[in-house]
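Undergrad: Task: produce atomic coordinates for the following.
(one chain, ligands or ions: 2)
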Amino acid sequence: MFRSGAVSSARQFSRGFAQRRLASTKTVREVLEEVVPQQQLRLKQLKTEHGQAVLGDVKVEHVVGGMRGLKAMLWEASVLDPNEGIRFHGLTIPDCQKALTPAPGGKEIIAESMFWLLLTGKVPTEAETRQLSRQLAEKGDLPEFIEKLIDSLPPTLHPMTQLGIGVAALNHDSKFQAAYERGIKKSEYWTYALEDSLDLLARLPALAARIYRNVYNPGKPLPKINKDLDLVGNYVNLLGFGDNHDLTEYLRLYIAIHGDHEGGNASAHTSHLVGSTLSDPYLSYAAALYALAGPLHGLANQEVLRWQMNMQKELGGNIAPQDIKDFLWKTLKSGQVVPGYGHGVLRNPDPRFIALQEFCDTRPELLADPIVQLVKKTYEVAPGVLKEHGKTKNPYPNVDAASGCVLYHYGLTQFKYYTVIFGVSRALGCLTQYVWSRALGLPIERPKSLSMDAIEKLIKQ
Ligand SMILES: CC(=O)SCCNC(=O)CCNC(=O)[C@H](O)C(C)(C)COP(=O)(O)OP(=O)(O)OC[C@H]1O[C@@H](n2cnc3c(N)ncnc32)[C@H](O)[C@@H]1OP(=O)(O)O
Ligand SMILES: O=C([O-])CC(=O)C(=O)O
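TA: Ligands and ions are numbered 1, 2, ... in the order given. Take a look at the predicted model:
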């Protein structure tokens, strides 16, 4: 949690911070107006008192190895521990499941309470969560020109390409860009960044659902946004699965826990870089989506299901562990990666994978589903095979190993769409940092690059 104010850590949270805020009915902007000056002061002190402190060495392996492990970015909302996984302002996923307000009649974390936590460092009260849900629902309709734009795209264009196009074009209404053109002060940037972020988040369900409708159910009428529903409740309704409570709950959990994964992952880093040029939140997030659309990153969830379905097709029913091992070896020997396994930072099973598996464990219909069973069986043997293969530093599953099979069970069977759902989610973290980067006045990103000549010269010196 942000250190200033009532809360500094998950420990303080567990001492009852959530209870102390029970009565608060502030808007997210009001809370930020209190927190931003405190954090600005904190960063100023960090720069003046510790600007020269060393956080680590830069080695050749960092420069040529995808900067793995290099500490080189400020990212406020979450930090990833290689063994324990993600913490959102100090809170683990189980902490969030206990602390954050679910939807009425639901149990799972909802996007609004996660967004509030990421943005403010505070656990929202129920009243604050509901008020944010309503604020987003009221802003949720798409401008007509966006509807026409999306409807004009060929249904054969990948849904992620369509999502990026839609998000970028929404910048037509960017309040940040308009204010910049008017010539506002740097100290005011974050307030317009917040306006745009709320507008974009609010419109993502209608945009993502329109893409789904156009590609998979052309001509089907889309329902109106229900002002009394949470963001994901509305999204599922627009997708046409509103009467499926279990899928709605699953997507609430999915979207909350995919929201942020510190700053170095490819989508977050992309939005951070693009935003640092003062490109508006829409353009910054559109760029992030195209990083998410790569198979080594978010698109892996599409790839996992495709791969597991191929395994099922090839091996038939009653699949034995040895059959799965053989299939894994076949994948590895053909030079492909095993999708859903390995990670740039994690060195243990991803707690997001565990949370999604636990969701399955509470529902007999999921446990009985052959594709859910196959994902579980694969988890039992894949780490052993990957260890024996000896290449990957992390032989355990990441979140993508588990996320698709439940969607498939509930009838959302079009895997090419899965990364769009991830794209609705990742906005929570990227937009949070966009607001904070402007609030903290972070400069344009411009690291130094070196050629091999230059590296060799430096080594000789
Ligand atoms: C939401 C997310 O983005 S989570 C990640 C989703 N992506 C996937 O699931 C795709 C499969 N996994 C991978 O490709 C990788 O593990 C990544 C991209 C996630 C991480 O990459 P890195 O940090 O470079 O992994 P690592 O340092 O362990 O790689 C070392 C070697 O093991 C290989 N390796 C890593 N993971 C796997 C895997 N799942 N299957 C086979 N080989 C693997 C790498 O390709 C690399 O091989 P190389 O030396 O021939 O280039
Ligand atoms: O952290 C990463 O590099 C990839 C990942 O799991 C995510 O972005 O959710």
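Undergrad: what packs against the longest helix seen in the chain?
TA: For the chain, the helix with the greatest residue count under DSSP state H is helix 189-216. Counting contacts by 3 or more C-beta pairs under 8 Å, 6 or more residues apart in numbering; DSSP states H and E, helix 189-216 packs against helix 28-50, helix 126-138, helix 144-151, helix 159-169, helix 175-182, helix 231-239, helix 281-292, helix 418-439. (C-beta placed from N, C-alpha, C; glycine too.)
Undergrad: now the ones you listed as a markdown table including distance to residue 190?
TA: Converted to a markdown table, the helices and strands packed on helix 189-216 look like this (distance: least, C-beta to C-beta, whole Å):
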| stretch | distance to residue 190 |
| --- | --- |
| helix 28-50 | 6 |
| helix 126-138 | 18 |
| helix 144-151 | 25 |
| helix 159-169 | 20 |
| helix 175-182 | 9 |
| helix 231-239 | 22 |
| helix 281-292 | 11 |
| helix 418-439 | 4 |
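Undergrad: the inter-axis angle of the longest helix of the chain versus helix 418-439?
TA: Relative orientation of helix 189-216 versus helix 418-439 (axes from the mean of the first three to the mean of the last three C-alpha atoms, to 10 degrees): 170 degrees.
Undergrad: Do stretch 334-352 and ligand 2 come into contact?
TA: Yes: part of stretch 334-352 sits near ligand 2 under the criterion C-beta under 6 Å from any ligand atom, namely 344, 345.
Undergrad: Begin at 53, not 1, for the rest of this chat.
TA: Happy to do that; since the first residue is 53 now, the last one works out to stretch 386-404.
Undergrad: That stretch: which residues count as buried?
TA: The neighbour-count check on stretch 386-404 (16 or more other C-beta atoms under 10 Å) flags 389-398, 401-404 as buried.
Undergrad: Need the pLDDT of the residue nearest to residue 344 when sequence neighbours are not counted.
TA: Spatial nearest neighbour of residue 344, chain neighbours left out: residue 350 (3.6 Å); criterion: C-beta to C-beta, 6 or more residues apart in numbering. Predicted confidence (pLDDT) for residue 350: 97.
Undergrad: so which helix or strand takes in residue 350?
TA: Here residue 350 is covered by no helix or strand, with elements defined by DSSP states H and E.
Undergrad: what's the answer for residue 138, then?
TA: Per DSSP H and E: strand 137-140 holds residue 138.
Undergrad: Next, see if that strand gets close to ligand 2.
TA: No: counting by C-beta under 6 Å from any ligand atom, ligand 2 is not contacted by strand 137-140; separation bottoms out at 8.1 Å.
Undergrad: how far is stretch 366-376 from where the chain is centred?
TA: 33 Å (C-alpha atoms, centre = their mean, to the nearest Å).
Undergrad: Residues contacting it, please?
TA: By C-beta atoms under 8 Å, 6 or more residues apart in numbering, the residues outside stretch 366-376 that reach it are 363, 364, 379, 422, 426, 429, 430, 432, 433, 434.
Undergrad: Pick out the most distant pair among those residues.
TA: 422 and 434 (17.6 Å; C-beta to C-beta).
Undergrad: Neighbour count for these two, which is higher?
TA: residue 434 (22 against 12; other C-beta atoms under 10 Å).
Undergrad: So what does the more buried one have for phi and psi?
TA: For residue 434, the backbone dihedrals are phi -60, psi -40 (criterion: degrees, to the nearest 10).
Undergrad: quick one: contacts for the residue of the stretch 203-352 of the chain found nearest ligand 1?
TA: Minimum separation of the stretch 203-352 of the chain from ligand 1 (C-beta to the nearest ligand atom) falls at residue 352, amounting to 3.5 Å. Contact partners of residue 352, counting by C-beta under 8 Å, 6+ apart, are 391, 392, 450, 452.
Undergrad: wait, doesn't the third one sit right on residue 405?
TA: Read that as residue 450. Yes: if you go by C-beta atoms under 8 Å, residue 450 and residue 405 touch, sitting 6.4 Å apart.
Undergrad: Now do the nearest residue to residue 167 once chain neighbours are set aside against residue 105, distance only.
TA: Leaving aside its chain neighbours, residue 167 sits nearest to residue 480 (4.9 Å; criterion: C-beta to C-beta, 6+ apart). Distance, residue 480 to residue 105, using C-beta to C-beta, to the nearest Å: 31 Å.
Undergrad: Give me the more crowded residue out of those two.
TA: Neighbours per residue (other C-beta under 10 Å) separate residue 480 from residue 105, with residue 480 holding more: 28 against 7.
Undergrad: quick one, what contacts the more buried one?
TA: 163, 166, 167, 170, 253, 307, 308, 311, 312.
Undergrad: got those residues as CSV, with distance to residue 198 columns?
TA: CSV is the format used below for the contacts of residue 480 (distance: C-beta to C-beta, whole Å):
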residue, distance to residue 198
163, 21
166, 25
167, 22
170, 26
253, 15
307, 21
308, 26
311, 23
312, 26
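Undergrad: Helix, strand or coil: sort out residue 272 for me.
TA: Here residue 272 is coil, with the state taken from DSSP: H, G, I helix; E, B strand; the rest coil.
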